[in-house]
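Undergrad: Using only what follows, build the 3D model:
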Amino acid sequence: MTVANTAVVALALILSAHAEQRFADFKPLPANQYPSYQELQGLGLAVVPMPDKASQMSYLGADLLAQGFLPVYIAIENRANPHSAMLVREAVLYGHGDSETMSQNPRALRPGPTKGMDRAETAARLWGGVPGAVGVVLVLHKLSNITNIRLNLLEKELRSQTVAPGKTGGGFVFAPVMEGRTRAKDVLLDVPLKDGDSNEDVHFHFRIDTGAEAK
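TA: Here you go, the predicted structure:
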């Protein structure tokens, strides 16, 4: 066998091994079974943070927290609203609880309907959009199996979706946890669902402990 043929066979074996790699399916509980559950206007949301390395490796393929991202599954239920609700992925925002966010706008943590002007002000001054899987993958470019991880993250990440009455939805977001060179103690998530009747955003706000020691 020539050197060229050997190289081709080796590459084929590597690609085959990567192609056969499988990640565990994340099967969430109903949203109302999580302690973080909130229900507003018949719409229910819960957040399920995944801070431990073993779970991240099993379900997502990489230790994302070590790279500065906390995976959080967002579980959605349309329990009692007679109209469909829409989630727009780009509207999901994050902040840090041990930053100036809390002192400047503590009302941002209170769940409830928020008028468009209030939301715009909050987004502009205090919050940032949660990066998608592609942005996270750019940080993981040194991993040898980055292609499979990228596809897995894209498959499992939260997407824009419509949740009909009686139906569920959800997906992962990857919230940045670093403030400079230190990990923030808390991550705040603002997850709006658009009510299909009023066309207004119903905001769900969550504070998630990142596991970092208090400053």
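Undergrad: The protein: strands as residue ranges?
TA: Assigned by DSSP state E, the strands in the chain fall at 38-40, 43-49, 69-78, 85-87, 93-96, 112-113, 128-129, 161-163, 168-176, 178-179, 182-183, 186-195, 201-209.
Undergrad: and the first one, which strands flank it?
TA: Strand 38-40 sits in its sheet next to strand 43-49 (antiparallel), going by DSSP bridges.
Undergrad: Now do the partner strand and strand 69-78, the angle between them.
TA: 160 degrees (axes from the mean of the first three to the mean of the last three CA atoms, to 10 degrees).
Undergrad: what separates strand 43-49 from the chain centre, distance-wise?
TA: 11 Å (CA atoms, centre = their mean, to the nearest Å).
Undergrad: follow-up on the earlier one: nearest to residue 57, out of the strands of the chain?
TA: strand 69-78 (11.1 Å; CB to CB). For the C-beta atoms, the positions are set from N, CA and C on the backbone; glycine is no exception.
Undergrad: so what does that closest one touch, helix or strand wise?
TA: Helices and strands touching strand 69-78, as assessed by 3 or more CB pairs under 8 Å, 6 or more residues apart in numbering; DSSP states H and E, comprise strand 43-49, strand 85-87, strand 161-163, strand 168-176, strand 186-195.
Undergrad: quick one on the thing from earlier: lowest-confidence stretch among the strands of the chain?
TA: Mean pLDDT is lowest for strand 112-113 among the strands of the chain, at a mean of 40.
Undergrad: I figured residue 45 hits residue 75, correct?
TA: Yes - here residue 45 reaches residue 75: they are 6.9 Å apart, a contact under CB atoms under 8 Å.
Undergrad: And these two? Which one has more around it.
TA: residue 45 (28 against 22; other CB atoms under 10 Å).
Undergrad: coming back round to it: out of the helices and strands packed on strand 69-78, which comes closest to residue 71?
TA: Nearest of these to residue 71, taken as CB to CB: strand 168-176 at 5.3 Å.
Undergrad: Which residues does the closest one contact?
TA: Under the contact criterion CB atoms under 8 Å, 6 or more residues apart in numbering, strand 168-176 has outside partners 26, 28, 30-31, 50, 60, 64, 68-78, 87, 92, 94, 128, 130-133, 135-136, 153, 156-159, 161, 163, 187, 189, 208.
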